[in-house]
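**Q** next one to model:
(chains A and B)
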Amino acid sequence: MTREEAQAQEISRQVEALLSGQQDAGADPLLDTARLLAESAPAAPSPVFAQQLRRRLLQAGSALADLAQERRPRMWKRFAAVSMAAMVILALVGVLWPHSPSAEQVLARAAESTAVQPGQIGYQVYTSEGNLYRVWQRFELAAEDDLMSVPVERMMIRYAKDDLTFQQPLEWNYSGPTRFCRLTVTGEQDPAADAEGCRTAAPVANPSSAEPGYTEAMDPTLRQRIAEELRDAPDAPDTSALETIQVQIEQLQSSADAVSITPLELENGRVYAITGSQDVPSADAETVTYTLYVDANTFVPTGLRYLMKESSGKSATWEAMVLDYRIFDAGELEFDPFAWPPAGSP
Amino acid sequence: MSDDLTDFAAFYDTTLPQVYRYVAYRVADTATAEDLTAAIFESALHGWKRRRKPEALMPWLFRIARNAVISHYRRDGHRELAPLEAAITLPADAEDPEQRLLKAEQRQRLQQALDRLSDREQDLIALRFGSGLTNRAIAPILGLNENHVAVLLHRALKKVQAALAENR
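**A** Numbering: from 1, shown residues only, chains lettered A, B, ... in the order given. This next block holds a predicted model:
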């Protein structure tokens, strides 16, 4: 057990004592912070709210049960028909896809194929929303989590969707622990940026968040504000498809019981389409369905489709098609993909 | 009432305070906390038929709750700090106005400190100090082991402590 783990165990023990009402929970100064957090805990739900919600849920539950009861006789007839159809489909799938893996297996392989070790550099090319993107990302170990690699430096170059040989960049974006930069081919520039299109911020003085290579070295509030301004700018850079894909793999893995897998034969080869729905309850009953396409041979994700529907009928779709994806060790590259200003920029 | 619904009602009675207090810790106002809590249990009711092992029920419910909070922020943008005037009305206990003002200011400083944590750290704080769940109960909700929860809690407390010291 490391020193930090031992300290963590001790403070956890003291917090437990504090929350169970012990007066002499401990003497660690962190316990004062814990006490403040405990004192700020919200009150319990009001009895009126609890009762009304209980009644509403039980009524809804009874209505669901009645509906199921009504459907039951018809269900038997349907069951026979559906069973026959399912057997035929299974037989066909068995012939065409003799070794179809489960969604869980494909997701595990996809997670392996996109895993990046600290110090490595990820490269991807993808299309989304009528644009083509080339993205370089350098990964480091997250300060808050010993097991996770996080991107700490990113260069994203945007092209027109049909510019597959990368002839004419339209926009360059760089982000690092203390610097955000953006240049466009039209020369449009962020008024608050320097001559090279960059905004810089000093690292936070707080030593606990200034561990090597981690993005939290910048004041998170400032970082968020700059990122939002960049995102809201005209021709704002898109989310990195790979990062989104990694998050979606995790989401699909955590809800594996509600995930379906369909083998597909596309123009560029066989893929598995893995579809899941996310529980995102809200007042307007929003549902999110996402489909991850994974190459059946390499298990590298090749695309992501993200569909959000609201009860009002509105829907929004985000799609990304991955054209190339590679991982490099830093020493393998003979050039610096994060050099700023980038070659060829105005 | 069917056995299923009776089971669900018992589950609701047991878990409502914990879920509500987690949500209320993560969002700015009572009305939003109530709306989200209602939506979480409606979603749980719809998924109730799919049988789960008893030990998997709490992690499942809190995953729905975490997704509800994420979805809320995705739709409505980042957390807005409760204005000071609103915060002043929050403490229910009868104290003199000066005490209440001090408490409200303290609460606002704490909120600013919490906003500097990552989403996962904020979840952890809300689960530990809002819902009162133990590290062992939190581990499957966050997909971590118990030791890892302790380390993250330790680091989150240090960050809050440092942020409070900066704002003093």
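**Q** which element is the residue lying closest to B:T134 once chain neighbours are set aside on?
**A** Counting by CB to CB, 6 or more residues apart in numbering or on different chains, B:T134 lies nearest to A:E16, which is 6.9 Å off, once chain neighbours are set aside. Glycine gets a C-beta too; all of them are placed from N, C-alpha and C. According to DSSP states H and E, A:E16 maps onto helix A:3-19.
**Q** contacting residues around that helix?
**A** By CB atoms under 8 Å, 6 or more residues apart in numbering or on different chains, the residues outside helix A:3-19 that reach it are A:1, A:25-26, A:28, A:30-31, A:34-35, A:38, B:128-129, B:132, B:134-135, B:147, B:149-151, B:153-155, B:157.
**Q** circling back: residues near the residue nearest to B:T134, how many?
**A** Neighbours of A:E16 under the rule other CB atoms under 10 Å in any protein chain shown: 14.
**Q** and the gap between it and B:R26?
**A** For A:E16, the distance to B:R26 equals 22 Å [CB to CB, to the nearest Å].
**Q** now do the buried residues in the helix holding A:E16.
**A** For helix A:3-19, burial by neighbour count (16 or more other CB atoms under 10 Å in any protein chain shown) applies to A:Q7, A:A8, A:Q9, A:I11, A:S12, A:Q14, A:V15, A:L18, A:L19.
**Q** name the nearest residue to the second one, ignoring sequence neighbours.
**A** In space, A:A8 comes closest to B:H154 once its chain neighbours are excluded; the distance is 3.7 Å by CB to CB, 6+ apart.
**Q** same thing with A:Q14?
**A** Nearest residue to A:Q14 in three dimensions, chain neighbours excluded: A:G26, at 3.4 Å (CB to CB, 6+ apart).
**Q** same check on A:V106?
**A** Distances taken as CB to CB, 6+ apart place A:Y272 nearest to A:V106, at 5.0 Å, with adjacent residues excluded.
**Q** what pairs with the helix or strand in which the one you found is found, and is each one parallel or antiparallel?
**A** Using DSSP H and E, A:Y272 sits within strand A:269-278. If you go by DSSP bridges, strand A:269-278 pairs up with strand A:259-266 (antiparallel), strand A:287-295 (antiparallel).
**Q** which of these comes out lowest on mean pLDDT?
**A** Sorting those by mean pLDDT places strand A:287-295 lowest, at a mean of 81.
**Q** which elements pack onto the following helix or strand past that strand?
**A** Downstream of strand A:287-295, the first helix or strand assigned by DSSP H and E is strand A:301-309. Contacts defined by 3 or more CB pairs under 8 Å, 6 or more residues apart in numbering or on different chains; DSSP states H and E place strand A:301-309 against helix A:103-114, helix A:241-254, strand A:287-295, strand A:315-329.
**Q** for the record, mean pLDDT for the helix holding A:E16?
**A** For helix A:3-19, the mean pLDDT works out to 89.
**Q** doesn't A:L183 lie inside a strand?
**A** Yes - with DSSP: H, G, I helix; E, B strand; the rest coil as the criterion, A:L183 is assigned to a strand.
**Q** bridging residues for it?
**A** A:W172.
**Q** just the element for the residue nearest in space to the middle of chain B, please.
**A** Centroid-nearest residue in chain B, with CA atoms, centre = their mean: B:Y22, separated by 2.1 Å. Using DSSP H and E, B:Y22 maps to helix B:3-26.
**Q** show me what contacts the residue nearest to A:V106?
**A** Taking CB under 8 Å, 6+ apart, we find A:Y272 in contact with A:P101, A:A103, A:V106, A:I261, A:T262, A:P263, A:L264, A:Y293, A:V294, A:A296.
**Q** before we move on, what about A:R55?
**A** If you count contacts by CB under 8 Å, 6+ apart, A:R55 has none.
**Q** determine the set of other helices and strands touching the helix holding B:Y22.
**A** Packed against helix B:3-26 by the contact rule (3+ CB pairs under 8 Å, 6+ apart) you find helix A:47-96, helix B:30-47, helix B:54-76, helix B:119-125.
**Q** so which of these comes closest to A:I327?
**A** Among those, the nearest to A:I327 by CB to CB is helix B:119-125 (25.1 Å).
**Q** count of neighbours near the nearest residue to B:L157 once chain neighbours are set aside?
**A** Among residues not flanking B:L157 along the chain, A:L30 sits closest, at 4.7 Å (CB to CB, 6+ apart). The burial count assigned to A:L30 is 19, neighbours taken as other CB under 10 Å.
**Q** just the pLDDT for A:L30.
**A** Listed pLDDT for A:L30 reads 90.
**Q** tell me the contacts of B:R136?
**A** When contacts are counted by CB under 8 Å, 6+ apart, B:R136 is found next to B:E146.
**Q** distance of it from chain A?
**A** B:R136 sits 10 Å away from chain A, going by CB to the nearest CB, to the nearest Å.
**Q** what residues sit buried inside whichever strand or helix holds that residue?
**A** Using DSSP H and E, B:R136 sits in helix B:135-142. For helix B:135-142, a neighbour-count test (16+ other CB under 10 Å) marks B:N135, B:A137, B:I138, B:A139, B:P140, B:I141, B:L142 as buried.
**Q** ok now do the residue nearest to B:S2 when sequence neighbours are not counted, which residues does it touch?
**A** Spatial nearest neighbour of B:S2, excluding adjacent residues (CB to CB, 6+ apart): A:A65 at 5.4 Å. Listed by CB under 8 Å, 6+ apart, the contact partners of A:A65 are B:S2, B:D4, B:L5.
**Q** need the pLDDT of A:A65.
**A** A:A65 carries a pLDDT value of 71.
**Q** same deal with B:R50?
**A** B:R50 is assigned 62 on the pLDDT scale.
**Q** buried residues, the helix holding B:Y22. List them.
**A** Neighbour-count burial for helix B:3-26 flags B:4-5, B:8, B:11-12, B:15-16, B:18-26 (criterion: 16+ other CB under 10 Å).
**Q** tell me the two of these that are most distant?
**A** The two members of these with the most space between them (CB to CB) are B:D4 and B:Y25, at 30.6 Å.
**Q** any idea how far A:T127 is from A:M155?
**A** To A:T127, A:M155 is 18 Å away according to CB to CB.
**Q** returning to what we had before: so what's the residue nearest to the centre of chain B closest to, chain neighbours aside?
**A** B:S131 (4.4 Å).
**Q** which element is A:A43 on?
**A** Under DSSP H and E, no helix or strand contains A:A43.
**Q** show me what contacts A:S20?
**A** Contact analysis of A:S20 by CB under 8 Å, 6+ apart lists nothing.
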